[in-house]
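Q: Show me the folded form of this:
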Amino acid sequence: MKRLLMAATAACALAAGGLAVQAQTAATDRFPATPEGARAFVLDAEARLTDVAEYAARVAWVRNTYIIHDTMWLEARANTEYTELGVELANAAAHFNTVDADPETRRKLDILRQGLTMPAPNRPGAAAELAEIATRLDSTYATGRFEYNGRQLTLNDAEEIIAESRDPAVTRAMYEGWRTISPGMAGDYARLVEVANEGARELGYADTGAMWRSGYDMDPDAFAAETDRLWAQVEPFYENLHCYVRARLNERYGDEVQPATGPIRADLLGNMWSQQWGNIYDVVAPTTLPESSVDLTQLLVAANYDAEQIARVSEQFYTSIGMDPLPGTFWERSQITRPEGREVVCHASAWNLDNVDDLRIKMCTRVNAEDFQTMHHELGHNYYQRAYNQQPFLFRNGANDGFHEAIGDFAALSAATPTYLNQIGLLDTVPGEEEDITFLLRMAMDKIAFLPFGLMVDRWRWDVQSGATTPAQYNDAWSANMLRYQGLVPPGPRPENAFDPGAKYHVPGNVPYTRYFLAHIYQFQFHRAACDIAGWDGPLHRCSVYGNEEVGRRFNAMMEMGMSQPWPQAMEAFTGSPENDATAVAQYFAPLDTWLTEQNRGQSCGWDA
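A: Residues are numbered from 1 along each chain as shown. A predicted model of the protein is given here:
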């Protein structure tokens with residue numbers, strides 16, 4: 001979920017917009033630097049933001065679902081006005097930094113200062129330049145194509161091929177082909193960083209990355225250290241998984257393609273960014289254990305599911321735990337499948353266009369296991385958006401942005417279990433414990449494999465924003481982070497003009513990424529807490545809370561808090577503890593970790609970073 005002013009827009013994608021805002025008397029003149037002045041200022045700011053939010057969201061929605069020159073122009077114009085308003089309010093909020101404001105007002109002032117992901121400096125033309133660059137980068141990504149065997153491939157096309165092909169020449173062609181869309185972004189991206197940093201410094205931050213990290217109710221450096229602590233809790237398990245997968249790839253392809261030691265060749269992992277590895281489960285499946293009897297994609301196809309039915313069943317998870325159905329307008333206005341005859345942004349996202357109940361999703365849904373999980377995730381954003389819609393405008397957001405991503409992932413953890421698939425009628429019989437390792441391995445190939453990627457994107461970006469990585473070093477630094485955190489390397493040398501970060505949506509889209517790392521920790525905390533509330537007696541990985549209304553009541557109570565309290569209070573309201581804690585991840589996957597350790601005995605695990 002985008003922070004602060006984007007509460008009305010896409011939860012998983014950058015979406016910005018605005019409405020012409022008439023110049024007003026400077027806040028420092030209208031609102032004195034007193035507790036009463038501060039309170040009056042935030043009330044006025046919320047009223048102005050409420051006025052622009054719906055228009056902002058609708059402009060963004062149209063450009064995302066109908067990309068042409070005119071909608072790009074409209075969004076760039078709207079972005080300019082929107083950013084100018086955000087900059088005005090952020091700078092005005094800084095006027096009250098030393099005021100002894102009441103706790104609620106102080107929290108709102110801090111949210112205003114920290115809320116822009118692209119803070120334009122307060123000078124003529126800066127907001128317009130930033131908005132134009134942002135729209136250009138986003139649209140370049142959305143319309144990207146490359147040629148392969150005489151055919152123009154979209155990202156969706158290339159993702160399907162890299163997921164299904166077991167020919168290293170083909171996977172390399174997909175990996176490298178998609179990255180031909182991004183070199184032209186590098187200059188724009190460098191300029192975006194430069195201008196946004198100027199704006200962040202005016203707000204009192206060292207750079208944009210420091211401003212982003214300040215939004216977690218703790219010091220920016222302390223937050224970075226906290227993510228390092230969480231990574232240290234799960235890194236040994238990732239290395240165990242990496243070692244096992246590398247050995248299987250070596251068996252499949254031989255030393256010439258995938259050596260038995262060192263890093264893994266990134267394109268062999270079945271995902272365009274190697275962030276999830278589940279698509280190559282067939283390559284790594286254990287030969288000494290029973291094959292999994294559950295193939296969700298096959299189950300969906302056999303049951304004649306279509307995209308809308310996937311959405312309907314996902315909604316049913318939430319209604320089963322006592323939440324209200326989505327409004328009828330959701331089904332009338334959402335983009336559930338890719339429309340014919342026009343360019344759209346297919347990156348899945350969830351929207352609340354009026355900050356009340358005009359809830360929508362934007363997806364190009366395919367009938368497969370991945371999109372089944374994604375749909376459960378996206379609707380979690382919608383239910384969170386609706387739960388906090390009675391909060392004051394500035395509190396209509398997740399407790400932190402990791403919460404927003406984890407809400408839907410928590411639902412998807414239940415939705416991934418054979419228990420749940422049986423409950424909704426997709427699976428006749430729940431497999432016995434003899435299939436637990438294969439189930440957990442499938443899950444780890446996505447959930448555990450993602451963790452270092454979730455960390456490295458912003459580690460790269462924070463160094464870019466601080467100046468530690470210069471534009472000339474962009475791609476080398478990206479590859480170095482791949483090696484350090486993921487233990488991966490590209491399939492071959494990268495061109496001198498490569499800008500591989502631009503081939504990942506969240507970089508040209510300017511969407512902070514650490515939220516996804518946090519979400520992969522939080523979702524297991526939420527899942528463990530929910531299973532405890534439900535009185536589940538069994539392995540954590542077999543638990544489904546489908547149909548348990550007490551879980552829904554407690555979960556909704558946490559969601560209704562929105563951003564009104566520091567995130568540890570929201571965490572404690574549902575889990576009983578205010579701490580980030582990756583032990584739930586370890587508990588969920590403990591049987592697999594033990595099994596992997598045995599499989600890796602005698603292997604030279606790890607890689608030279």
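
Q: what's the next secondary structure element after the helix or strand harbouring residue 386?
A: Using DSSP states H and E, residue 386 falls within helix 369-387. Downstream of helix 369-387, the first helix or strand assigned by DSSP H and E is helix 401-415.

Q: C-terminal to that following helix, what's the next element?
A: By DSSP H and E, the next helix or strand past helix 401-415 is helix 418-423.

Q: what about that next one, average pLDDT?
A: For helix 418-423, the mean pLDDT works out to 94.

Q: That one: how far from the chain's middle?
A: Here helix 418-423 is found 26 Å from its chain centre; the criterion is CA atoms, centre = their mean, to the nearest Å.

Q: Which neighbouring elements make contact with the top helix by length along the chain?
A: If you go by DSSP state H, the chain has its longest helix at helix 220-253. The helices and strands touching helix 220-253, judged by 3 or more CB pairs under 8 Å, 6 or more residues apart in numbering; DSSP states H and E, are helix 208-213, strand 264-265, helix 281-284, helix 436-466, helix 514-533, helix 583-599. All C-beta spots, glycine's among them, are computed from the backbone N, C-alpha and C.

Q: Show me the strands in the stretch 1-150 of the chain, by range?
A: 146-148 (DSSP state E, counting those that start in this stretch).

Q: Tell me where it has helices.
A: Using DSSP state H, counting those that start in this stretch, the helices of the stretch 1-150 of the chain run over 27-30, 35-65, 69-94, 103-114, 126-142.

Q: Next one: the closest residue to residue 204 other than its chain neighbours, what pLDDT does it get?
A: Nearest residue to residue 204 in three dimensions, chain neighbours excluded: residue 94, at 6.1 Å (CB to CB, 6 or more residues apart in numbering). Looking at residue 94, its pLDDT reads 83.

Q: and the helix or strand hosting residue 196, how far from the chain's centre?
A: Secondary structure from DSSP H and E places residue 196 in helix 186-202. Its chain's C-alpha centre and that of helix 186-202 lie 22 Å apart, by CA atoms, centre = their mean.

Q: packing partners for that helix?
A: Here helix 186-202 touches helix 126-142, helix 208-213, helix 436-466, helix 474-481, going by 3+ CB pairs under 8 Å, 6+ apart.

Q: and with 7 Å instead?
A: helix 126-142, helix 208-213, helix 436-466 (3 or more CB pairs under 7 Å, 6 or more residues apart in numbering; DSSP states H and E).

Q: Can you point out the buried residues in that helix?
A: 186, 188-190, 192-193, 195-202 (16 or more other CB atoms under 10 Å).

Q: re earlier: does the residue nearest to residue 204 touch residue 112 like I think?
A: No: contact between residue 94 and residue 112 fails when scored by CB atoms under 7 Å: they sit 8.8 Å apart.

Q: Need the residue closest to the centroid of this structure.
A: The residue lying closest to the centre of the chain (CA atoms, centre = their mean) is residue 516, at 4.6 Å.

Q: quick one: the closest residue to that residue other than its chain neighbours from residue 227, how far?
A: Excluding the flanking residues, the one nearest residue 516 by CB to CB, 6+ apart is residue 454, at 4.5 Å. According to CB to CB, to the nearest Å, residue 454 stands 9 Å off from residue 227.

Q: Name the residues contacting each of the two.
A: residue 517 (CB atoms under 7 Å, 6 or more residues apart in numbering).

Q: What residues does residue 521 make contact with?
A: For residue 521, the contact set (CB under 7 Å, 6+ apart) comprises 230, 580, 582, 585.

Q: Most neighbours of all those, which one?
A: The most neighbours of any of these, using other CB atoms under 10 Å, belong to residue 585, which has 25 neighbours.

Q: Verify the stated contact: that one with residue 234.
A: Yes: contact criterion CB under 7 Å: residue 585 and residue 234 qualify, at 5.7 Å.

Q: so residue 351 touches residue 360, yeah?
A: Yes: the pair residue 351 / residue 360 is scored as a contact, 4.6 Å apart, by CB under 7 Å.

Q: what residue ranges in the stretch 451-600 of the chain are flagged as low confidence?
A: For the stretch 451-600 of the chain, no stretch is flagged by pLDDT under 70.

Q: Could you pull up the residues touching residue 406?
A: 519, 522-523, 526.

Q: burial count for residue 356?
A: What residue 356 shows, counting by other CB under 10 Å, is a neighbour count of 15.

Q: Contacts only, for residue 604.
A: Neighbours of residue 604 in contact, by CB under 7 Å, 6+ apart: residue 261.

Q: and it, which of the three is it?
A: coil (DSSP: H, G, I helix; E, B strand; the rest coil).

Q: how near is it to residue 246?
A: Residue 604 sits 10 Å away from residue 246, going by CB to CB.

Q: what are the phi and psi angles of residue 270?
A: Geometry field for residue 270 lists phi and psi as phi 80, psi 10, criterion degrees, to the nearest 10.

Q: Residue 100 now?
A: Dihedral angles (degrees, to the nearest 10) for residue 100: phi -80, psi 70.

Q: Give me the distance between the closest residue to it other than its chain neighbours and residue 279.
A: Among residues not flanking residue 100 along the chain, residue 35 sits closest, at 6.0 Å (CB to CB, 6+ apart). To residue 279, residue 35 is 56 Å away according to CB to CB.

Q: These two: which is more packed in?
A: Neighbours were counted for residue 35 and for residue 279 using other CB under 10 Å; residue 279 has more, 21 against 15.

Q: Just give me the neighbour total for the residue lying closest to the more buried one once chain neighbours are set aside.
A: Spatial nearest neighbour of residue 279, excluding adjacent residues (CB to CB, 6+ apart): residue 270 at 3.0 Å. Using other CB under 10 Å, residue 270 has 22 other residues around it.

Q: Show me where the protein dips below the pLDDT cut-off.
A: Ranges of the chain meeting pLDDT under 70: 1-28, 609.

Q: how about the helix or strand containing residue 311 as CSV, C-alpha atoms only?
A: Counting by DSSP H and E, the element that carries residue 311 is helix 307-320. Extracted C-alpha coordinates of helix 307-320, given in CSV (Å, rounded to 0.1, in the frame of the first residue of the first chain):
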residue,chain,number,x,y,z
ALA,A,307,-11.0,-15.5,-13.6
GLU,A,308,-14.2,-14.2,-12.1
GLN,A,309,-14.8,-17.5,-10.2
ILE,A,310,-11.3,-17.2,-8.7
ALA,A,311,-12.3,-13.7,-7.5
ARG,A,312,-15.6,-15.0,-6.1
VAL,A,313,-14.0,-17.8,-4.2
SER,A,314,-11.4,-15.5,-2.8
GLU,A,315,-14.1,-13.2,-1.5
GLN,A,316,-15.7,-16.2,0.0
PHE,A,317,-12.7,-16.7,2.3
TYR,A,318,-13.3,-13.3,3.8
THR,A,319,-17.0,-13.7,4.2
SER,A,320,-16.5,-17.1,5.8
